[in-house]
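Undergrad: Build the 3D model from these lines:
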Amino acid sequence: AVCSVPVPEARSRRTTDMANIDRWLKHLAEVGGTSLHCITGMTPMLRVAGALLPIEGGSVTGRTEIDAMLRYLASDEVTARCEGGGDVDFVFELADVGRFRAHAFEHRLGPALVFRAIPTLRTVAELGLPKVLGNVARASRGLVLVSGPPSSGKSCTAAAFVTELNTSRSLRISTVEEAI
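TA: Numbers count the residues shown, from 1 in each chain. Here you go, the predicted structure:
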């Protein structure tokens, strides 16, 4: 059986398309979902508890809506890099909702956007990670690599390591999150 995720009515002063994206992202945060998928020719979908579910009452998104969402959420530089079939990652914040990492790319059906909710910063202990990882994060020398499949907690883990370092001493910290 196919389940869908009901979305509350829009309460935005923006245009309909932008009210939809704001409403969908707010709903994603409310239901504790991890991602929102907007693909040309498809109904928007939320990933909740690992399942990809269509948004109840969501209409099929067209190329024009996806392009408008990208222009609404991303800088001109990011939008320009995406034109011509390129793909790009960017981060934005929606007031009173949270921060999101977005991936704009060309899907076989046309332009697409995938949004991943960025959880609030937590410590190694709050994430339930083994205590030894706190020691690794506080090591005075070395390189720490955090790897894994999409939505497995790599960014949260790296952020917890940085939080450990920031609370214990003053350092210059560099992180790299692009695929090599």
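Undergrad: For this structure, which segments count as strands?
TA: Counting by DSSP state E, the chain has strands at residues 35-39, 45-48, 51-54, 88-94, 98-107, 110-118.
Undergrad: helices and strands around the last one, which ones?
TA: Other helices and strands packing on strand 110-118, by 3 or more C-beta pairs under 8 Å, 6 or more residues apart in numbering; DSSP states H and E, are helix 16-31, strand 35-39, helix 63-73, strand 98-107. Where you see a C-beta, it was placed from the backbone N, CA and C, and this is true even at glycine.
Undergrad: just the longest one next, same as before
TA: In this structure, strand 98-107 packs against helix 16-31, helix 76-82, strand 88-94, strand 110-118, with contacts taken as 3+ C-beta pairs under 8 Å, 6+ apart.
Undergrad: do that again at 6 Å, thanks
TA: Packing partners of strand 98-107 (3 or more C-beta pairs under 6 Å, 6 or more residues apart in numbering; DSSP states H and E): strand 88-94, strand 110-118.
Undergrad: coming back round to it: let me know which of the helices and strands packed on strand 110-118 is the nearest to Ala159.
TA: Distances from Ala159 to each of the helices and strands packed on strand 110-118 were compared using C-beta to C-beta; the minimum, 11.2 Å, belongs to strand 98-107.
Undergrad: so what's the spatially most central residue of the chain bridging to?
TA: In the chain, the residue lying closest to the centroid (C-alpha atoms, centre = their mean) is Arg116, at 1.9 Å. Counting by DSSP bridges, Arg116 forms beta bridges with Ser35, Arg101.
Undergrad: in this structure, what spans have low per-residue confidence?
TA: Residue ranges of the chain with pLDDT under 70: 1-17, 84-85, 178-180.
Undergrad: Around the residue nearest to Ile118 when sequence neighbours are not counted, how many other residues sit close by?
TA: Leaving aside its chain neighbours, Ile118 sits nearest to Arg99 (4.2 Å; criterion: C-beta to C-beta, 6 or more residues apart in numbering). The criterion is other C-beta atoms under 10 Å. On that basis, Arg99 has 13 neighbouring residues.
Undergrad: How about Ile173?
TA: 9.
Undergrad: Tell me the spacing between it and Asp67.
TA: From Ile173 across to Asp67, the span is 36 Å (C-beta to C-beta, to the nearest Å).
Undergrad: Please list all residues in contact with the residue nearest to Gly62 when sequence neighbours are not counted.
TA: Counting by C-beta to C-beta, 6+ apart, Gly62 lies nearest to Thr40, which is 6.3 Å off, once chain neighbours are set aside. Under the criterion of C-beta atoms under 6 Å, 6 or more residues apart in numbering, the neighbours of Thr40 are 63, 66, 109-111.
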